[in-house]
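>>> Would you be able to build a 3D model of this:
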Amino acid sequence: MSPKKSGNDVILGAVEQLVLYGCAMNVLIVESNEALAVLWTSHLERNGLHVIHALTEEQAVMQIETRMFNVIILDLMLAHGSAIAVADYARFRHPGTNVIFVTDTAFFSDGSIFGLMPNARAYIDSGTPPEDIAAMVEHFGRAA
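Got it, this is the predicted structure:
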């Protein structure tokens, strides 16, 4: 049986992550289109950010369980799994993590995503220029 964790263990985990990744912002991209994720990753890494890519809900949840992210870029229409479940789990594990939802559909275009997901900070088209996405990540990552 493992010992019960205290609040200090949570703080230590965050400090260990800062030592491991330096002061760079941690970004999780949850995107089924690997080419698009690679494009976004290259722009974000050029700005000095630490980026991890997950293709599915399951991969994203595994990353959220082991790391703290400042920002999650999340494809609203994942090929495998639920983007809403990922955002909800991120909110549960790390309440300060901000989510930028991306999509190539009109689903939630009425803005209702902001009422459903308290950690939603932006809702953008997946065709948004990568430099604009990088600017949003920098902005919302500082607020996290």
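>>> Check which helix or strand the residue sitting nearest the centre point of the chain maps to.
In the chain, the residue lying closest to the centroid (Cα atoms, centre = their mean) is Ile72, at 1.2 Å. Take DSSP states H and E as the rule and Ile72 turns out to sit in strand 71-75.
>>> partners of that strand, with directions?
strand 26-30 (parallel), strand 98-103 (parallel) (DSSP bridges).
>>> between the helix or strand following that strand and strand 71-75, how big is the angle?
The element immediately downstream of strand 71-75 (helix or strand, assigned by DSSP H and E) is helix 83-93. If you take axes from the mean of the first three to the mean of the last three Cα atoms, to 10 degrees, helix 83-93 sits at 160 degrees to strand 71-75.
>>> Other residues contacting helix 83-93?
For helix 83-93, contacts defined as Cβ atoms under 8 Å, 6 or more residues apart in numbering pick out 30, 57, 60-61, 64-65, 69, 72, 74-78, 97, 99, 101, 116-120. Quick note: C-beta positions are derived from backbone N, CA and C, even for glycine.
>>> how about it: buried residues?
Ala83, Ile84, Val86, Ala87, Asp88, Tyr89, Ala90, Arg91 (16 or more other Cβ atoms under 10 Å).
>>> Tell me the one of those residues nearest Thr105?
Ala83 (11.6 Å; Cβ to Cβ).
>>> For the helix or strand hosting Gln59, give me every contacting residue.
Using DSSP H and E, Gln59 falls within helix 57-66. Outside helix 57-66, the residues within contact range by Cβ under 8 Å, 6+ apart are 28, 30, 52, 54, 69, 72, 74, 78, 80-83, 85-86, 89-90, 93-94.
>>> before we move on, the earlier item: ranking the strands paired with strand 71-75 by burial, who's on top?
Among the strands paired with strand 71-75, strand 26-30 has the highest mean neighbour count (mean count of other Cβ atoms under 10 Å), at a mean of 26.
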